[in-house]
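Trainee: When you get a sec, could you give me coordinates for this:
(one chain, ligands or ions: 2)
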Amino acid sequence: MRNTLFIGGGNMAYAIISGLLNKGATGVSLRVVDPSEDAKTRLTGLGVPCSATWPAEFECAQVVLAVKPQAMPDVLKQYEAHLAGKLLISIAAGVSVSQLRQWSGQANAAVARTMPNTPALVGKGITGVYCTDNCTDADHREVESLFRSCGEVVNLTSEDDINAITAISGSGPGYVFYWMEALAKAAQELGFNESQARLLVNHTFLGSASLAVQSDESLSTLRERVTSKGGTTFAGLETLRKHQVADGIVEGAKAAYARAIELQGPKP
Ligand SMILES: NC(=O)C1=CN([C@@H]2O[C@H](COP(=O)(O)OP(=O)(O)OC[C@H]3O[C@@H](n4cnc5c(N)ncnc54)[C@H](O)[C@@H]3O)[C@@H](O)[C@H]2O)C=CC1
Ligand SMILES: O=C(O)[C@@H]1CCC=N1
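Mentor: Ligands and ions are numbered 1, 2, ... in the order given. Prediction:
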């Protein structure tokens, strides 16, 4: 693995770095630049040096851009002098390749625009990867192995697919936790205490997702297997349908996609 500098050491950088360390990378090949004391404490705890300014002594051919989309223009301007000739690996939602090139002052930068998700923290993430044409085969391999260390990788050939994947798997854990919270609330209303409710919900989602991963059958078939005619699941699902829950999920994902496009701004 190449030496890699992370710009931004917040939640996602922490998740990816944890994955890399779990797969055998060492703090020697990684650095983080982040002015936040919190980030420094957490990353130092992992054995990865984190400094408030660019670590001049650290040589690297690639940087991971892991700051908030709104901070990206200023951050790229701030570090412009250090970025020349480096592979830029962005994880930011709704920040386009052309914006990254413009703000970093490198019209021809090799860029990997990616979209991971928070389950990366436990090695169960999924990351969409789009590489510009001027990325080398070695660049592709580096980016893929970076994200394979924290889960699955899906290679994409169109940049817009990154916005679509943001709406599905990037934001997806947010929708899943929203649903889990609601089911845990129902469990408590039916008399379970908080920790029992959490256990029941955690294992219902974990078990269902594991079953779906291991099964060749469609999601509809798996759902039908649970649903006895005139039984309890049928009653539950009928009520979900009456409340148009499926439509709400589809509309929610579309709203996330629209927001990714909006963050990206007009095409140059
Ligand atoms: N949280 C999520 O589920 C996902 C987030 N992303 C993307 O990851 C990026 C980071 O998100 P989070 O980690 O959630 O945010 P975060 O707020 O936890 O981390 C951002 C970090 O950037 C640091 N930072 C701010 N200004 C800086 C500067 N000038 N130089 C260096 N570091 C600076 C902050 O101190 C902070 O630690 C965003 O662009 C987001 O779109 C992508 C996939 C999933
Ligand atoms: O909500 C966001 O904008 C980021 C990107 C995907 C997940 N979290």
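Trainee: Give me the mean pLDDT for the helix or strand hosting Ala209.
Mentor: Here Ala209 sits within helix 194-214, counting by DSSP states H and E. With pLDDT averaged residue by residue, helix 194-214 scores 98.
Trainee: avg pLDDT for the following helix or strand past it?
Mentor: Under the assignment DSSP H and E, the closest C-terminal helix or strand after helix 194-214 is helix 219-226. Throughout helix 219-226, pLDDT has a mean value of 98.
Trainee: Quick check: what element follows helix 219-226 along the chain?
Mentor: Following the chain from helix 219-226 toward its C-terminal end, the next helix or strand by DSSP H and E is helix 232-242.
Trainee: from the chain's centre, how far out does the helix or strand following that following helix sit?
Mentor: Towards the C-terminus, the helix or strand next in line after helix 232-242, according to DSSP H and E, is helix 245-264. Its chain's average C-alpha position is 16 Å from that of helix 245-264, according to Cα atoms, centre = their mean, to the nearest Å.
Trainee: Helix 245-264 vs helix 232-242, what angle?
Mentor: Relative orientation of helix 245-264 versus helix 232-242 (axes from the mean of the first three to the mean of the last three Cα atoms, to 10 degrees): 50 degrees.
Trainee: by contact count, what packs against helix 245-264?
Mentor: helix 160-165, helix 172-189 (3 or more Cβ pairs under 8 Å, 6 or more residues apart in numbering; DSSP states H and E). For glycine as for every other residue, the C-beta is placed from the backbone atoms N, C-alpha and C.
Trainee: which other residues reach that helix?
Mentor: Contact with helix 245-264 is made by 69, 93-96, 99, 162-164, 166-168, 170-171, 175, 240, as judged by Cβ atoms under 8 Å, 6 or more residues apart in numbering.
Trainee: Type out the PyMOL command that picks the buried ones from those.
Mentor: Once 16 or more other Cβ atoms under 10 Å is used to decide burial, the buried members of those can be selected in PyMOL as follows:
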select buried, resi 69+93+94+95+96+99+162+163+164+166+167+168+170+171+175
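Trainee: Taking the contacts of helix 245-264, tell me the two that lie furthest apart.
Mentor: Greatest spacing in the contacts of helix 245-264, by Cβ to Cβ: Gln99 and Leu240 (39.8 Å).
Trainee: Which of the contacts of helix 245-264 sits closest to His140?
Mentor: The shortest distance between His140 and any of the contacts of helix 245-264, using Cβ to Cβ, involves Ile162 and amounts to 15.3 Å.
Trainee: Would you agree the closest one is in contact with Leu156?
Mentor: Yes: assessed by Cβ atoms under 8 Å, Ile162 is found in contact with Leu156 at 6.3 Å.
Trainee: Give the residues shared as contacts by those two.
Mentor: By Cβ under 8 Å, 6+ apart, Ile162 and Leu156 have these common neighbours: 128, 130.
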